[in-house]
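In: Sequence plus the predicted model coming up.
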Amino acid sequence: METNSFSRVWDLLHYVRFHKWTNYFASVASGLLYAALVILLGLFVDLLVNRGRIPHFAQLSQREQAQFLDHWRKLPVEQRTQAVSVVQAPVPLDSLAEIKDVNSPKMTALRRTFQQLVDAGEEDTPPVPAEMTAESLKEWAARRKVNGDAYRQAAFEHELRWMAFVRHTLATKVSESAADKYIPEPQTSGGVRMPGLGEEDRRAFGILGLVVD
């Protein structure tokens, strides 16, 4: 039977056990290395396109927004509380828990907003931007008794919760110092700030941006 050159060389390897098994291992290693290089290429392309920038909540797709809320609700309440306390801490968290007899509208609204950010209950959570309609926003504002700009309040809550999640992810998957690069741990109490939603507000975080993706 006529055989080609490759078949004759392969038959010769059967007489040299070391070369035979070396060839097997080299073949497997080449395949694994090729797969690893494809993955690295994908990460490199992602880094070139997004330049290490972390998206805002409003810039996520409809599926990603829904997945985030589902994942957030599954986190232990202690982790959610700690995460929100970093991005929304006008007064120390311990003080918030102790203020039981203060009935001022400001403190009542503050405690309510803080708890809603942590819980993300389906009835209390505003509609996500990808699915929001004028009617759904109006219904949510009526349930929550929102005063003022309902759209701004909805965007405010979504972005703050997303920022808390991103910082929590960086702290748990990378390190606390990496999380501080995204949002520094507050040393003193400060006011709640509205996250920027424009492209110019997205800072580059290098490879840390891939952790959140």
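Out: Perfect, thanks for sending it.
In: per-domain residue ranges of the protein.
Out: Listed domain ranges for the chain are 5-50, 57-212 (source: automatic domain parsing).
In: shaky segments in the chain?
Out: Within the chain, the segments meeting pLDDT under 70 span 1-3, 6, 8-20, 43, 46-52, 88-106, 184-213.
In: Quick check: buried residues in the helix or strand Gln67 falls within?
Out: Taking DSSP states H and E as the definition, Gln67 sits inside helix 62-74. Buried residues in helix 62-74, counted by 16 or more other CB atoms under 10 Å: 65, 68-69, 72. Bear in mind the C-beta positions are built from the backbone N, C-alpha and C, glycine included.
In: Quick check: which element contains Ala29?
Out: Taking DSSP H and E as the definition, Ala29 sits inside helix 17-50.
In: That helix - contacts with which helices or strands?
Out: Packing partners of helix 17-50 (3 or more CB pairs under 8 Å, 6 or more residues apart in numbering; DSSP states H and E): helix 5-13, helix 208-212.
In: one step back: will you turn the buried residues of helix 62-74 into CSV that also has distance to Val87?
Out: Output for these, formatted as CSV (distance: CB to CB, whole Å):
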residue, distance to Val87
Gln65, 18
Phe68, 15
Leu69, 16
Trp72, 13
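In: Considering those, which is situated nearest to Asp119?
Out: Trp72 (9.7 Å; CB to CB).
In: follow-up on the earlier one: after the helix holding Gln67, next one along is what?
Out: Next along from helix 62-74, by DSSP H and E: helix 77-87.
In: Now do that following helix: which elements does it pack against?
Out: Contacts defined by 3+ CB pairs under 8 Å, 6+ apart place helix 77-87 against helix 105-119, helix 150-173.
In: nearest to Leu40, of those helices?
Out: Across these, Leu40 has its closest neighbour in helix 150-173 (18.8 Å, CB to CB).
In: Now do the buried residues in that closest one.
Out: Buried, per 16+ other CB under 10 Å, within helix 150-173: 150, 153-171.
In: Can you name every helix or strand that that helix contacts?
Out: Contacts defined by 3+ CB pairs under 8 Å, 6+ apart place helix 150-173 against helix 62-74, helix 77-87, helix 105-119, helix 134-144, helix 176-182, helix 208-212.
In: what angle separates that helix from helix 62-74?
Out: Counting by axes from the mean of the first three to the mean of the last three CA atoms, to 10 degrees, helix 150-173 lies at 70 degrees to helix 62-74.
In: Would you check that Arg73 makes contact with Asp124?
Out: No. Contact criterion CB atoms under 8 Å: Arg73 and Asp124 do not qualify, at 11.8 Å.
In: ok, how many other residues are close to Gln59?
Out: 16 (other CB atoms under 10 Å).
In: ok, now Ala58?
Out: Residues near Ala58, counting by other CB under 10 Å, number 16.
In: how close does it sit to Glu176?
Out: Distance, Ala58 to Glu176, by CB to CB, to the nearest Å: 27 Å.
In: repeat for Val45
Out: 30 Å.
In: try Phe57
Out: With distances taken as CB to CB, Phe57 is found 23 Å from Glu176.
In: How about Thr113?
Out: Computed with CB to CB, the distance linking Thr113 and Glu176 is 26 Å.
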